[in-house]
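Trainee: With the sequence up front, the predicted model follows.
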Amino acid sequence: MSQQRVLIIGAGQAGGQLALQLRQKGFTGSIDLLGEESSAPYERPALSKGILTGKQTTEDLLLCPAAAYSEQDITLHLKTRVKQLDLANRQVHTGNGQTLEFDILVFATGATPRPLPLPGSDLPGVHLLRTDADAMAIKRQLQDASTIAIIGAGFIGMEVAASARSLGIATHVMETGPRIMSRSLPAFLADKITELHTSQDNRIHCNAGLKGFNGKDQVTAVEFQDGSELKVDAVIVGIGVTPNTQLAETAGLACDNGILTDARGQTSVPDVYAIGDCAASYLPRYARQQRLESYQNANLQAENVVANILGTHSEYNPVPWLWSDQYHWQIQTLGFPAEAEQWLQRGTLESDRKEIHLGFTGGKLNTVVSIAEGTAAAADVKVLQRLIEMDAQPDTDQLCNPDIKLKALLKQTKN
């Protein structure tokens, strides 16, 4: 097994982690890592935060220096697009004329931002955000901007808004739905996030009737259905992503809003795996296929597939976790908050610098949302994640009492 040839399509965080972890775990076969971008694998969360504010550089985001891949005998092919995939003969043909052979194939093709199908969306100054190059282009434009519009009020849109406001830019978030974060959070928590943003003078426009963007050589205004305009210097569109499954579909792999895999990361074709944003993996804990877009998912799915390539039968069964830094607050979620039936609260921002919202379904704790100053809730969220993983059900009065340490409840459960 260790002498087999592994080829990874996609050199983002998931693909890069898989290649590096294979070597760290003792795999001695060949590893080819193919990426369409010009950068070595890097982490994406800071693109909407630290990069835009100038607190981080693109070099800070690299998993490791590019030279480290050759040092670990990983062949890194940058600016390389797969032109044809021949599963029968276990070959990949690239756009620059290479033919690469493999025994094991891993899709880590990621996702592509959805473009906004409105007039003027192709004007200079209208940006999508996915790559380090996108983030740097937005950063350069923010340096001279006085007013910007963000289209889409999900996590990415709200993070970009917070970054822009922290730079003193007048920021308008346009959401075509009735509230922000409708796919991620229940209404009462979305309202709390809205209050945090309006306290920083970020203007949020829900039920926004967008008509298009105006300008000649550069976007100059957002136009609404009623004919009114908002003068802007730039527009950032963040209305979600589409998984990159075209290559997999053409090759005959089963896909449904992502490349379908079992809990081991295996696709419908033997020795072909999928990880990261492109994968709709089976999650035993939730008994369904689910595509997860997160830092945690990229790392843990890579680790899971490495174990299975090396012959250790491992199943991916996480409690999904993500975080979002907005101004000086950090929001963390566990599970799927939009699905909870009942909510209880532990602590308040005013008295504890953090408030933790506990979500229950069928009387069972299965999701969490924390809002905190900085990382004040980080330790608590880790303990709650462990409690959910253990399927523990502590007394709700104790759970909601901020004077009772969550670690004590975890210790009681273990005993």
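Mentor: Ah, there it is.
Trainee: Would you map the strands across the stretch 251-400 of the chain?
Mentor: Under the criterion DSSP state E, counting those that start in this stretch, the stretch 251-400 of the chain contains strands at 259-261, 272-274, 279-283, 288-291, 321-326, 329-334, 342-346, 354-361, 364-373.
Trainee: list the buried ones in the third one?
Mentor: Applying a neighbour-count criterion of 16 or more other Cβ atoms under 10 Å, one finds 279-283 buried in strand 279-283. (C-beta placed from N, C-alpha, C; glycine too.)
Trainee: Quick one: low-confidence residue ranges for the stretch 251-400 of the chain.
Mentor: Along the stretch 251-400 of the chain, segments meeting pLDDT under 70 are nowhere present.
Trainee: thinking again about what came up before, save the buried residues of strand 279-283 as JSON lines, and put in distance to Leu185 too.
Mentor: Shown next, in JSON lines, are the buried residues of strand 279-283 (distance: Cβ to Cβ, whole Å):
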{"residue": "Ala279", "distance to Leu185": "24"}
{"residue": "Ala280", "distance to Leu185": "22"}
{"residue": "Ser281", "distance to Leu185": "23"}
{"residue": "Tyr282", "distance to Leu185": "25"}
{"residue": "Leu283", "distance to Leu185": "20"}
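Trainee: out of the residues you listed, who's nearest Thr413?
Mentor: Closest approach between the buried residues of strand 279-283 and Thr413, by Cβ to Cβ: Leu283, at 22.5 Å.
Trainee: Skipping adjacent residues, who's closest to Gly215 in space?
Mentor: Distances taken as Cβ to Cβ, 6 or more residues apart in numbering put Leu123 closest to Gly215, at 5.0 Å, once the chain neighbours are dropped.
Trainee: Could you count how many residues lie near the one you found?
Mentor: 17 (other Cβ atoms under 10 Å).
Trainee: Same question for Asp352.
Mentor: 16.
Trainee: Could you report the distance from it to Arg346?
Mentor: Counting by Cβ to Cβ, to the nearest Å, the gap from Asp352 to Arg346 is 9 Å.
Trainee: How about Cys278?
Mentor: Counting by Cβ to Cβ, the gap from Cys278 to Arg346 is 36 Å.
Trainee: more neighbours, these two?
Mentor: Between Cys278 and Arg346, counted using other Cβ under 10 Å, Cys278 has the larger neighbour count: 28 against 23.
Trainee: wait, what's in contact with the more buried one?
Mentor: Residues in contact with Cys278 (Cβ atoms under 8 Å, 6 or more residues apart in numbering) are 10, 107-111, 243-245, 248, 258-259, 291.
Trainee: Contacts for the longest helix anywhere in the chain, please.
Mentor: In the chain, taking DSSP state H as the definition, the longest helix is helix 295-309. The contact list for helix 295-309 (Cβ under 8 Å, 6+ apart) reads 1, 6, 12-15, 17-18, 21-22, 25, 27, 43-45, 104, 106, 108, 264-266, 273, 275-277, 279, 281, 313-316, 318, 320-323.
Trainee: Of those residues, which belong to helices?
Mentor: Judged by DSSP H, the subset of those located in helices is 13-15, 17-18, 21-22.
Trainee: any idea which of those is closest to Asp144?
Mentor: Closest to Asp144, out of all of the ones in helices among the contacts of helix 295-309 and judged by Cβ to Cβ, is Gln13, at 30.9 Å.
Trainee: my read: the closest one touches Arg44, true?
Mentor: Yes - between Gln13 and Arg44 there is a contact at 6.4 Å, judged by Cβ atoms under 8 Å.
Trainee: domains of the protein?
Mentor: Following automatic domain parsing, one gets these domains for the chain: 6-112+241-309, 115-237, 328-414.
Trainee: who's in contact with Met174?
Mentor: Here Met174 is in contact with 149-153, 205, 208, 210, 222 (Cβ under 8 Å, 6+ apart).
Trainee: hmm, which two among these are most spread apart?
Mentor: Maximum pairwise distance among the contacts of Met174 (Cβ to Cβ): 14.5 Å, between Ala153 and Val222.
Trainee: So the two - more neighbours on which side?
Mentor: More crowded of Ala153 and Val222, by other Cβ under 10 Å: Ala153, with 29 against 26.
Trainee: what are the ranges of the strands in the stretch 101-250 of the chain?
Mentor: Using DSSP E, counting those that start in this stretch, strands in the stretch 101-250 of the chain cover 104-107, 111-113, 126-128, 147-151, 170-175, 203-206, 210-215, 219-224, 229-231, 234-237, 241-243.
Trainee: Show me what the last one pairs with in its sheet, parallel or antiparallel.
Mentor: This means strand 241-243. According to DSSP bridges, strand 241-243 forms sheet pairs with strand 111-113 (antiparallel).
Trainee: State the mean pLDDT of the partner strand.
Mentor: The average pLDDT within strand 111-113 is 97.
Trainee: Sort out which residues of that strand are buried, please.
Mentor: 111, 113.
Trainee: same thing with stretch 163-179?
Mentor: Buried residues in stretch 163-179, counted by 16+ other Cβ under 10 Å: 163-166, 169-175, 179.
Trainee: would CSV of those residues with distance to Leu300 and pLDDT be doable?
Mentor: Shown next, in CSV, are the buried residues of stretch 163-179 (distance: Cβ to Cβ, whole Å; pLDDT from 0 to 100):
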residue, distance to Leu300, pLDDT
Ser163, 27, 98
Ala164, 31, 98
Arg165, 33, 97
Ser166, 31, 96
Ile169, 36, 98
Ala170, 39, 98
Thr171, 34, 98
His172, 36, 98
Val173, 31, 98
Met174, 34, 98
Glu175, 31, 97
Arg179, 31, 97
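Trainee: right, and out of those residues, which lies closest to Gln98?
Mentor: Nearest to Gln98 among the buried residues of stretch 163-179 is Ser163, at 39.0 Å by Cβ to Cβ.
Trainee: how far away is the closest one from Asp122?
Mentor: In terms of Cβ to Cβ, Ser163 sits 24 Å off from Asp122.
Trainee: of all the ones in helices among the contacts of helix 295-309, which comes closest to Ile331?
Mentor: Nearest to Ile331, judged by Cβ to Cβ, of the ones in helices among the contacts of helix 295-309 is Gln13 at 20.6 Å.
Trainee: What's the local residue count around that closest one?
Mentor: Counted with other Cβ under 10 Å, Gln13 comes out at 25.
Trainee: in stretch 373-391, what counts as buried?
Mentor: 376-377, 380-388.
Trainee: Kindly apply the preceding question to stretch 77-95 instead.
Mentor: For stretch 77-95, by 16+ other Cβ under 10 Å, it's 77-78, 80, 82, 85, 87, 90, 92, 94.
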